[in-house]
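Enquirer: Got a predicted model here, sequence first, then my questions.
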Amino acid sequence: MITDFPSVSVIIPVFSAVEPIEDCLIALDKQTYPKNRYEVIVVSNNPDIREFESFKEKSEVVFLHESSPGSYSARNLGIKKAKGKVIAFTDADCIPDENWLKEGVINLLNIQNCGLLAGKLIVFCRDNTNPTSTEIYETLNAFPQKLYIEKGHFGVTANLFTFREVFEDVGLFNEQLISSGDKEWG
C-alpha cells in the first residue's frame, strides 16, 4: 500500500484523434490516484492545433505542440515538460482503467531495480456489432505486452510506467524512428 504517493506525469502523444482522446481524458479524470499527485500532458504534432481548443477550456490538462513530426518527438517534449517523479505513457485511443495509475505506480515501486513497467493492453472495437477486419485482427494479435517484456525487455508505450531518472540515465526516445522507438528505448 502506498502512503506517500509520488508525483506522476501522464504523457499522451496525439496527431489527429479528437474523438478517441476525449474518452482517454475522461478515463484519466476518473483515476483513483490522488488528483493532486498527477498531471496529464497531451502533446500534439498536428500543425492545426485548433482542433483541441474545446478540450483546453474543459480540462486541467496541459496541451503542448511539438513541431517535429512523430510520436517519439511528442513524447520527448512531454518528458522535458513533465514534473512527475514517475512518467506514465498512454495513447489517445486508449481508455485506462480507473485504477491504472494507482496499480501502475504500486507495481513500479514494489519491483526492486525496476527500469520500466508495462501493462496489458486490451484492444477493442469501436462498434462491436460491426468491427472492421483490422479491428478483428488486432483484438486477436496486437500488443503481446508480456512477451515483449519477458523476451524483448521493452514495453509498448500505450501502457508504460518508468521513473524520470531512467530517462536521465539512458536518454530520450529516438526521434528519427516512426515506429519501434519504445522497443529501441527499452
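Expert: Nice, I can see it.
Enquirer: residue boundaries of the helices in this protein?
Expert: For the chain, the helices defined by DSSP state H cover 18-29, 53-58, 71-81, 100-110, 133-141, 145-147, 164-170, 181-185.
Enquirer: What's the mean pLDDT across the fifth one?
Expert: Pointing back at helix 133-141 there. On average, the pLDDT along helix 133-141 is 71.
Enquirer: and what of stretch 42-51?
Expert: Throughout stretch 42-51, pLDDT has a mean value of 74.
Enquirer: before we move on, the earlier item: could you tell me the least trusted of the helices of the chain?
Expert: helix 53-58 (a mean of 60).
Enquirer: Next, find the distance separating V8 from V42.
Expert: From V8 across to V42, the span is 15 Å (C-beta to C-beta, to the nearest Å). Where you see a C-beta, it was placed from the backbone N, CA and C, and this is true even at glycine.
Enquirer: And I79, by the same measure?
Expert: I79 sits 13 Å away from V42, going by C-beta to C-beta.
Enquirer: between those two, who's got more neighbours?
Expert: Remark: of I79 and V42, V42 carries more neighbours, 26 against 21, as counted by other C-beta atoms under 10 Å.
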